[in-house]
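Asks: pasting the sequence and the predicted model now:
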Amino acid sequence: MMLALGMFVFMRQTLPHQTMQRDAEYRWPSNSRVGKRDSFQYLGPGEEKITLAGTLYPELTGGKLTMTAIRLMADEGRAWPLLDGTGTIYGMYVINNISETGSLFFADGTARKIDFTLTLTRVDESLAALYGDIGEQAKSLIGKAGNMASSVAGMVGIS
């Protein structure tokens with residue numbers, strides 16, 4: 001496992017990224033002063049973004065299905081916990097942007113090569129807030145899984 005965003009795992013078979021860029025801003029607004037240099041005041045951390053970029057070869061790695069899974073996560077409009085393979089917790093992130101470029105096409109128009117860029121923005125205030133959101137998401141997923149199991153059992157005729 002390279003990274004996990006919510007329940008989506010980044011690895012060679014799904015969405016292996018070749019680069020990971022992390023940008024963190026810190027807010028220092030200035031005040032103009034007569035005859036002196038501007039004064040600055042620290043207001044705290046600003047926006048934090050992570051950009052993942054890579055190339056997919058659908059014959060070897062993830063492809064259309066993987067990109068569709070990420071798009072569905074983005075469509076939900078939710079924040080997801082981001083962790084790496086060593087257990088480092090980065091925080092809660094939303095998917096801001098998905099860019100995809102297909103090339104080297106087969107005769108049927110399917111891309112042999114897909115270059116992608118995924119931009120994530122941190123939205124949590126602290127790790128304490130992170131644990132609350134994970135708990136809520138886990139309860140929601142368990143409830144949905146139970147409902148789906150009941151539906152399947154009803155369709156099959158199992159009581």
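Replies: Alright, I've got the coordinates.

Asks: helices along this protein, start to end?
Replies: In the chain, the segments counted as helices under DSSP state H are 64-75, 127-156.

Asks: lowest mean pLDDT across the ones you listed, which one is that?
Replies: Among the helices of the chain, helix 127-156 has the lowest mean pLDDT, at a mean of 67.

Asks: using the record's assignment, carve this protein into domains.
Replies: Residue ranges for the domains of the chain, per automatic domain parsing: 3-124, 127-159.

Asks: check Gln21 and give its pLDDT.
Replies: If you check Gln21, the pLDDT there is 94.

Asks: and it, what does it touch?
Replies: Ile50, Thr51, Ala53 (CB atoms under 8 Å, 6 or more residues apart in numbering). For glycine as for every other residue, the C-beta is placed from the backbone atoms N, C-alpha and C.

Asks: do you know how far the residue lying farthest from the centre of the chain is from Gln41?
Replies: For the chain, the residue at maximal distance from the C-alpha centroid (CA atoms, centre = their mean) is Gly35, at 47.7 Å. Per CB to CB, to the nearest Å, Gly35 is found 19 Å from Gln41.

Asks: cool, Asp124 as well?
Replies: 24 Å.

Asks: circling back to that earlier point, just put the contacts of Gln21 in TSV and tack on neighbour count and pLDDT.
Replies: Below are the contacts of Gln21 laid out as TSV (neighbours: other CB atoms under 10 Å; pLDDT from 0 to 100):
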residue	neighbour count	pLDDT
Ile50	22	94
Thr51	17	96
Ala53	15	93
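
Asks: nearest to Thr66, of those?
Replies: Ala53 (14.7 Å; CB to CB).

Asks: pretty sure that closest one sits against His17.
Replies: Yes: between Ala53 and His17 a contact is recorded at 6.2 Å, counting by CB atoms under 8 Å.

Asks: any common contacting residues for the two?
Replies: In contact with both Ala53 and His17: Leu118, using CB under 8 Å, 6+ apart.

Asks: circling back: which of the domains of the chain sits most buried?
Replies: Here the criterion is mean neighbour count by mean count of other CB atoms under 10 Å, and of the domains of the chain the winner is domain 3-124, at a mean of 14.
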